[in-house]
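Asks: Let's see this in three dimensions:
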Amino acid sequence: MVELDGCCYFFGLRCGCILGGLWLIIYNALLIYLMYYEMKYSQRSTIDLITGEHEKETTGFWVLGTTFLLMDLISLFLVFGAILRHHISLFIFLLGQIIPISVESFYLLTAIIYGIETESIIIYLLPLLILVYIDVVAYSYWTDLKSSKKLTAVSQINIFY
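Replies: Sure thing, here's the model as predicted:
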C-alpha cells in the first residue's frame, strides 16, 4: 500500500486528515441538501388511479440521505481520530470507507458502460479521486500512529545516573 509523508505538499498527515475529514463532512452535507432540494421542488409524482392523489417518490431520498448522513458520521471518526491521535478511530474510518469507494467505483463503471459523455465523467471521477487520496492520507497517518505507539511501548528505557 502506498504511504505518504505529508498531505498536499504543505501539510502533515495529521493536518491532512483533519482537513480531509472536514471536506468530507461538508461534501456529504451538501449532497444531503441537494437531495432534499431536489425532492422538495421536484415535479415528478405518482398518481393514484383510484383516488387521483399525487404522491412524490421519496424512497430514493431517504435511502441516499441516510447513507450520506452515515458517511458524515464516519468522517467524524477521521476528524476526531486525527485531533486526538487515536488510531482506533482512524481504523474505524478506514473500514467505513470500503462502502463509499465501492459505490463510487460502481457508479463510475456504470456510467462508462452506458456511454456517458466525457464531461460527465469528471462528475463521477473527481470525487472518487479525492476520496481515494483522503483515504491514503488517513491510512498513512494510521500506520504512522501505530508504529509510533509500538516504538514508545518498546523504547521506554529507564537510565539511572
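
Asks: got the contact list for the strand or helix carrying Phe106?
Replies: Per DSSP states H and E: Phe106 is located in helix 98-113. For helix 98-113, the surrounding residues in contact (C-beta atoms under 8 Å, 6 or more residues apart in numbering) are Met71, Ser120, Ile121, Tyr124, Leu125, Pro127, Leu128, Leu131, Val132, Asp135. Backbone N, C-alpha and C define where each C-beta goes, glycine included.

Asks: Now for those residues: which two are most distant?
Replies: Ser120 and Asp135 (23.8 Å; C-beta to C-beta).

Asks: More neighbours: the two, which one.
Replies: Counted by other C-beta atoms under 10 Å, Ser120 and Asp135 do not tie: Asp135 has more neighbours, with 18 against 10.

Asks: State whether Val2 is indeed within a strand.
Replies: No - with DSSP: H, G, I helix; E, B strand; the rest coil as the criterion, Val2 is coil rather than part of a strand.

Asks: Quick check: chain neighbours aside, which residue is closest to it?
Replies: Once flanking residues are discounted, Val2 sits nearest to Val136: 5.7 Å by C-beta to C-beta, 6 or more residues apart in numbering.

Asks: which other helices and strands contact the host helix or strand of that neighbour?
Replies: Here Val136 is covered by helix 118-154, with elements defined by DSSP H and E. The helices and strands touching helix 118-154, judged by 3 or more C-beta pairs under 8 Å, 6 or more residues apart in numbering; DSSP states H and E, are helix 13-40, helix 59-84, helix 87-96, helix 98-113.

Asks: in stretch 33-52, what's buried?
Replies: Neighbour-count burial for stretch 33-52 flags Met35, Met39 (criterion: 16 or more other C-beta atoms under 10 Å).

Asks: List the neighbours of it that are in contact with it.
Replies: Contacts for stretch 33-52 (C-beta under 8 Å, 6+ apart): Glu53, His54, Glu55, Lys56, Glu57, Thr58, Phe61, Leu64, Gly65, Phe68.

Asks: at 7 Å what do you get?
Replies: His54, Glu55, Lys56, Glu57, Thr58, Phe61, Leu64, Gly65 (C-beta atoms under 7 Å, 6 or more residues apart in numbering).
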